[in-house]
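**Student:** quick one, structure for this:
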Amino acid sequence: MLIIAITLLNLLQIIDYNRKFYKESAIIIFKMEISIQNALERQNPWWFAKKYDSGISRLEYYPDIVKYFKTKEILLILGARRTGKSTLLYQIIKSLKVNFKAILFINLDEPLFQSKANDPEFLRNLLEAYMLENKEIKNFYIFIDEVQNYNYWVQTLKVLHDTSKNFKFILTGSTSTLIENKMSIKLSGRYFSTTVYPLSFNEFLTFNGLKKLKILEKREYLEKYLKYGAFPRVVLEIDKSIKQEVLKNYFQTIYLKDIIYPYKIRNNKDVFDLLYFIISNTGKPFSYNSVGKVLNIDSETIKEYLTYAQQAYLLYSINKFDYSVKKQLVNSKKIYCIDTGLVNSLSFQFSQNKGRLLENLVFITLLRKYSEIYYHRDNGECDFVIKEGLKIKQAIQVTLSLKDIDVKKREIKGLMDAMMTYKLKEGLIITENEKETIKLKNKTIYVKPMYEWLEE
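**Tutor:** Next up, the predicted model:
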């Protein structure tokens, strides 16, 4: 019995020694890799009381970020690249009133960190080493940018979240399928998420330092908002030619980093041709078969590539509304782009297709507020119907102008068809500049200019 007791004691001592050894080795690894330290020092200027650019504040437009940040759950901030997710992280950091060493920012787009993507121990060792080096701090705020670049982030964060209650994780990501699917399975009940979009019209005006504009000024800035879009960097750029170049670069970045590389697509030309075709035809109903015939690409491949583009937040599709989900899936879809500036820079002349750009802008604006957006088509077509709960609550038509009699008849017919179908008393037509109220068959149709609707 004495021998057994001594053996058990030795075993426990060995286990304890190993546990301490592995913890200390994490610190050693962290300290030995000077390149990692240098990268982190560049990414965390507050450690040295250095100034850093946190941009123009947008937190008031994202109340969920403020709300979820105060909870113990992981906060995931999603959205297309260049929409300002990283800047929002800096704004959160600037708002914190804590010891500067309690804040650790890790941008996984850093090439050095990308080289560690397949190392299952890298992130855990780094975080544990940082925590042990700062033992006097009780609660840490860990900001990880572009988290999808590390292949073991879900497993690592799950363990650390469950075992280390003094970590608050705030993550950003640009590819929904690599993030939400893994999180929903392995991190169920441990996270909240919110999505960041390009600037709203009100944000756009704020970025341009504008307040209390006259109607003519609103029209002028709506034109710019529509033409160059709402990515923060583009909005702040003065040179028009550079705006266009930046937008083309953004498309290339999303195209390569979030579509081609992650899914190891070899036929780049087919993907590019498809995206160009779809973005040039935003708002038009389509089917996978019809697009496949035009581009000579298999319909299943079309579906696959468009799914990747949607998961990168570049494109969004909506279905024709039907109470039967099966019918919704087989009917033609309509696709819209994340930003009208991208559409305009890639596809066609602005003045010739302003109507479709207006429709795309209305969709992106609706997307910020509603989760169930469809289009209606029966005896007429209505651009958007909004479902809340079990019912369609809004019907919205978008057109450049109602001055042409035939256009006015067509737009009213499509809207009235939707209003009658879903028993709506009111409908809305959004135009570029026109405003009126139309009474028809005990229904009321409000015609509003885009700039007025955007400010609501």
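
**Student:** quick one, phi psi at Thr444?
**Tutor:** Dihedral pair for Thr444: phi -120, psi 130, per degrees, to the nearest 10.

**Student:** for the remainder of this discussion, apply numbering that starts at 57.
**Tutor:** Done: numbering now begins at 57, and the last item shifts to Thr500.

**Student:** how about it, what does it touch?
**Tutor:** 481-483, 493-494 (C-beta atoms under 8 Å, 6 or more residues apart in numbering). Where C-beta positions appear, they are placed from N, C-alpha and C, glycine not excepted.

**Student:** and with 10 Å instead?
**Tutor:** When contacts are counted by C-beta atoms under 10 Å, 6 or more residues apart in numbering, Thr500 is found next to 475, 480-484, 493-494.

**Student:** also Glu482?
**Tutor:** The contact partners of Glu482, by C-beta under 10 Å, 6+ apart, come to 450-451, 475, 499-502.

**Student:** try Leu134
**Tutor:** The neighbours of Leu134, taking C-beta under 10 Å, 6+ apart as the test, are 141, 227-232, 235-236, 249-252, 369.

**Student:** please redo it, this time with the cut-off set to 8 Å
**Tutor:** By C-beta under 8 Å, 6+ apart, the contact list for Leu134 reads 141, 228-230, 232, 235-236, 249-252, 369.

**Student:** find the centremost residue of this protein, please.
**Tutor:** Gly135 (1.5 Å; C-alpha atoms, centre = their mean).

**Student:** hmm, that one is touching Ser232, no?
**Tutor:** No - using C-beta atoms under 8 Å, Gly135 is not in contact with Ser232; the gap is 9.4 Å.

**Student:** overlap in contacts of these two?
**Tutor:** Between them, Gly135 and Ser232 share the contacting residues Tyr369, judged by C-beta under 8 Å, 6+ apart.

**Student:** which residues of the stretch 307-456 of the chain score low on pLDDT?
**Tutor:** For the stretch 307-456 of the chain, applying pLDDT under 70 flags the ranges 404-407.

**Student:** that one: strands as residue ranges?
**Tutor:** 371-375, 389-393, 429-433, 437-444, 447-454 (DSSP state E, counting those that start in this stretch).

**Student:** re the thing from before, among the contacts of Thr500, which one sits closest to Asn155?
**Tutor:** Among these, Leu484 lies closest to Asn155 (C-beta to C-beta), at 51.3 Å.

**Student:** related to what we said a few turns ago, what is the nearest of the contacts of Glu482 to Asn352?
**Tutor:** Distance to Asn352, by C-beta to C-beta, is smallest for Ala451 among the contacts of Glu482, at 37.5 Å.

**Student:** just the buried positions in stretch 397-413, please.
**Tutor:** Buried residues in stretch 397-413, counting neighbours by 16 or more other C-beta atoms under 10 Å, are found at 397-403, 409-413.

**Student:** now those residues as CSV including distance to Leu269?
**Tutor:** Listed next are the buried residues of stretch 397-413 as CSV, based on distance: C-beta to C-beta, whole Å:
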residue, distance to Leu269
Gly397, 21
Leu398, 26
Val399, 25
Asn400, 23
Ser401, 26
Leu402, 29
Ser403, 29
Asn409, 26
Lys410, 20
Gly411, 24
Arg412, 26
Leu413, 21
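
**Student:** can you tell me which of those residues end up in helices?
**Tutor:** Judged by DSSP state H, the buried residues of stretch 397-413 include 397-402, 410-413 as members of helices.

**Student:** gap between Tyr118 and Phe125?
**Tutor:** 10 Å (C-beta to C-beta, to the nearest Å).

**Student:** same question, Ile420
**Tutor:** Per C-beta to C-beta, Ile420 is found 25 Å from Phe125.

**Student:** ok, Ser220 next?
**Tutor:** Remark: distance between Ser220 and Phe125 (C-beta to C-beta) = 18 Å.

**Student:** I'd say Thr231 and Leu370 touch.
**Tutor:** No - counting by C-beta under 8 Å, Leu370 is not a contact partner of Thr231; they are 10.5 Å apart.

**Student:** what touches both of those two?
**Tutor:** In contact with both Thr231 and Leu370: Asp314, using C-beta under 8 Å, 6+ apart.

**Student:** can you list the weak-confidence ranges in the stretch 57-206 of the chain?
**Tutor:** Within the stretch 57-206 of the chain, the segments meeting pLDDT under 70 span 57-88.

**Student:** straight-line length of stretch 371-385, end to end?
**Tutor:** By C-alpha to C-alpha, to the nearest Å, the extent of stretch 371-385 from end to end equals 17 Å.
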